[in-house]
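> Below are the sequence and a predicted model for it; my questions follow.
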Amino acid sequence: MAVSNQIKNQHLLWRAGFGPWNNTQAELSSIQTKNLYAVLEKKSEPKPEYIDVADDVIKGIVGGVKDIVMMNEELKPQLSDKNKKEIRRRSIEDLRNLNINWLNEMIHSEAQLREKISLFWHGHFACRIINIYYQQLMLHEIRKNALGNFGDLLRAVSKSAAMLQFLNNQQNRAQHPNENFAREVMELFTMGRGNYTEQDVKEAARAFTGWGFRLDGSFAFRYFFHDNGKKTILGKTGNFNGDDVLKILLEQKATANFIAKKIYKYFVNENADEEKVQWLAGRFYQNNYDIKALMNDIFTGSWFYDEKNISAKIKSPVELLVGIRRTLPMEMENQRIQILLQRAMGQVLFYPPNVAGWPGGRSWIDSSSLMIRLRIPQLIKDNDNFSIQTKDDDDQQMGMQENQQMNPAAQNNSGFRIMANVDWEKYISGFKDVPREKLFDTIHSLLLQTQNKSVNEKVVNEMINTKTREDYIKTATVALMSTPEYQLC
């Protein structure tokens, strides 16, 4: 059965962005997918604004200490223990704000393609440190280079203070090489396992000796810690430094294959079509790692819109939250509740589980996370209380369990409240021209990515209030958003 143009466009908006904006879905049936993608691409061209939420106290501490040099104690300016504790305390607070600010960019920005692929790179270059200054610097590099050249993005992230600190390269010295950074650059950021040897890792670690950062987050090469001897990496021999290693890695076709396959699985289908992946990888390599060209190859390909690729992806927690907020126009009195929801569903921005990032796919769904996923629409509508039971993680909690860190009105003895004010009048107005007998089918087609009715009206009828037209639209929307099918895009 041929896929309708509306479904194709909604498919594109969910994969190249975070779903349609409010009731613009109704206009999608008349737009050609290539034209819509051209608009998405155009709107993502401007460079993003720097998201700066770092506390003035942190900036004052950073400005007051010139440099951190990993040398003898008498030559190493130190942050006092008091300053370190203050930076951590305020960073935890500010990381909440960075989370919410970026989430709002995903919801409201017209640069949907840029923000969506930035979220992909955020998981690819997974980094977990409690330093707001370094985290927001790295986020800016990701968002700025998200659709640019992969080599530029790789170099920017590899030289960021956040990643160098996370992977311990500040301790990588000629006398005592630290292999963490070199290993992850090869295994997770470029070629993937099986394309290098342990000796390649050891030699690359020697090349990265001396790579570090200053307190202000800028890159610093410590030549007195660098190993100037010859190294042999992936069959090449020379007096290599870190930049040389990245260049060698980019010369490997295995890198193009690894990135293309990961992008295919994220944006197209978890079950990778190896023939398509190889074609994309070849084009990616020939185009000198042009990310925008790779995305163009995917989103303008007729195969991307094959029925097998539609509604084949489980929405990540962030995609789910952002998608709901793009569909239902709302203001949230207590935005930090969204961090609790992220945590309950297993994806807190800036807190990946490890250096490999979030595994995605079916791992997003378990018995507890599915229950909260299905309840969110109803919680938004009714402002009911909910409780969250998750494995303790002090960093991810970010103090959110402490009453003083929350809006008191959002928390009581029974749990938390989302406190969302939905503009139902605006949402309902999008259906003003739809006859009553076609309302269910219309709402179904806008919310669920399927050609035919995948949910029987009778199944969700118990949740639908038929008293008035407005009640019907409101409750049918919530009922359909509360189905397992809505978890897919």
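Nice, thanks for sending it over. Numbering: from 1, shown residues only.
> residue boundaries of the strands in the chain?
Ranges of strands in the chain, per DSSP state E, are 211-213, 219-221, 231-233, 236-238, 330-332, 411-412, 415-416, 420-422.
> mind giving me JSON lines with those strands and columns for distance to L349, mean neighbour count and mean pLDDT?
Just so you know, the C-beta spots here come from the backbone N, C-alpha and C atoms, and that holds for glycine as well. Listed next are the strands of the chain as JSON lines, based on distance: least, CB to CB, whole Å; neighbours: other CB atoms under 10 Å; pLDDT from 0 to 100:
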{"stretch": "strand 211-213", "distance to L349": "22", "mean neighbour count": "22", "mean pLDDT": "96"}
{"stretch": "strand 219-221", "distance to L349": "24", "mean neighbour count": "17", "mean pLDDT": "96"}
{"stretch": "strand 231-233", "distance to L349": "34", "mean neighbour count": "19", "mean pLDDT": "98"}
{"stretch": "strand 236-238", "distance to L349": "38", "mean neighbour count": "12", "mean pLDDT": "98"}
{"stretch": "strand 330-332", "distance to L349": "16", "mean neighbour count": "15", "mean pLDDT": "94"}
{"stretch": "strand 411-412", "distance to L349": "21", "mean neighbour count": "16", "mean pLDDT": "70"}
{"stretch": "strand 415-416", "distance to L349": "19", "mean neighbour count": "18", "mean pLDDT": "81"}
{"stretch": "strand 420-422", "distance to L349": "19", "mean neighbour count": "17", "mean pLDDT": "94"}
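> Among the ones you listed, which comes closest to E251?
E251 lies closest to strand 236-238 among those, at 8.8 Å (CB to CB).
> Serialize the strands of the chain to CSV and add fields for distance to D56.
Formatted as CSV, the strands of the chain follow (distance: least, CB to CB, whole Å):
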stretch, distance to D56
strand 211-213, 22
strand 219-221, 24
strand 231-233, 44
strand 236-238, 46
strand 330-332, 26
strand 411-412, 28
strand 415-416, 30
strand 420-422, 31
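> List the residues that contact N288.
N288 makes contact with 149, 151, according to CB atoms under 8 Å, 6 or more residues apart in numbering.
> let's see 10 Å
Shown in contact with N288 (CB atoms under 10 Å, 6 or more residues apart in numbering): 149-151, 250, 256.
> if we can go back for a sec, relative to V53, which of the strands of the chain is closest?
Short answer: strand 330-332, nearest of these by CB to CB, at 17.4 Å.
> quick one: low-confidence ranges for this structure?
1, 23-26, 63-79, 389-410, 412-414, 451-453 (pLDDT under 70).
> How is it partitioned into domains?
5-43+252-309, 56-251, 317-422, 425-487 (automatic domain parsing).
> Same list, the ones you listed, but as CSV with distance to E49 please.
Listed next are the domains of the chain as CSV, based on distance: least, CB to CB, whole Å:
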stretch, distance to E49
domain 5-43+252-309, 14
domain 56-251, 9
domain 317-422, 18
domain 425-487, 27
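> Who is N149 paired with across the strands?
N149 forms beta bridges with D290, as assigned by DSSP bridges.
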